[in-house]
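Q: Predicted coordinates and the sequence they were generated for:
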Amino acid sequence: MRITRKTLLQSGDALEAAIRRDMSGTMAAELDKAIFLGTGANGQPLGVIPGAATYGITSTAISDPATWPAIRAAVVRFMAANAATGPSGIKSLIRPELWAFLDDQEAFAGTGITEWERLVKNIGAPVQTSTALATPSGSPLATQALLTTGAGGVAPIFVGIWGAVDLIRDPFSDAQSGGLRITGLTTADVTVARGSQLQLLTGLGLVAGA
């Protein structure tokens, strides 16, 4: 984080609160990327999605426009494997682009009922993220979704945070302009304890009829 000379002149509790808030938000976003998208190389942990095969997570390629029935099939697999007792026990993680697509698709002609309404009626509103899942890509454009269930109240993913956040104060790099740099460092690791409680859906198309 770079703090300008003009900002430093605005001393007070509000400045400290703003710096804490901005740094906390940035670190939360970067932790999301590491936990779900970490490559396992160059100091990164092996994230849930790149490590799906390693962690024993079922991955299904939809390769069709996203619909509630496509997601429902994964819910059925959870129940068939006794990992969930019903749809209400399933939680999902999606990109905002998938919400926009499902909300724009009419499930039954002339009814006004969208695929999004069918989804939230059965498993509740998904958590939407722009950091934990990769940006939609490909032609036609497609995205991913991650489904999970907490069988027996035990989380399938464990994240270890080692020690407190280390702060490095650097008044020298931007000394010519009177600025200050603050770097926050934290060490984290991730593992999947129960791959059977996770399912990854890939190739959820975001183009109707593609």
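A: Alright, I've got the coordinates.
Q: make it CA atoms for all contacts and neighbour counts henceforth
A: Will do.
Q: Next secondary structure after the lowest-mean-pLDDT helix or strand in the chain?
A: Least confident element among the helices and strands of the chain, by mean pLDDT, DSSP states H and E: helix 5-8 (a mean of 82). Downstream of helix 5-8, the next assigned helix or strand under DSSP states H and E is helix 13-37.
Q: Quick one: mean pLDDT over that following helix.
A: In this model, helix 13-37 carries a mean pLDDT of 90.
Q: G89: how many residues sit nearby?
A: The tally of other residues near G89 (other CA atoms under 10 Å) stands at 18.
Q: domains for the chain, by residue range?
A: Listed by automatic domain parsing, the domain ranges of the chain are 2-35+158-191, 48-156+193-205.
Q: Show the subsequent helix or strand relative to the strand or helix carrying G163.
A: Element membership for G163, per DSSP H and E: strand 157-170. Of the helices and strands lying after strand 157-170 in sequence (DSSP H and E), the nearest is strand 180-192.
Q: Tell me the pLDDT of the closest residue in space to T191 that isn't next to it in sequence.
A: In space, and not counting its chain neighbours, T191 is closest to F158: 5.5 Å by CA to CA, 6 or more residues apart in numbering. pLDDT recorded at F158 is 93.
Q: ok, I182 touching I19?
A: No - counting by CA atoms under 8 Å, I182 stays clear of I19, with 9.6 Å between them.
Q: What is the burial count for E16?
A: Number of residues near E16 (other CA under 10 Å) recorded here: 11.
Q: what do you get for the one 10 residues further on?
A: The number of residues packed around T26, counting by other CA under 10 Å, is 14.
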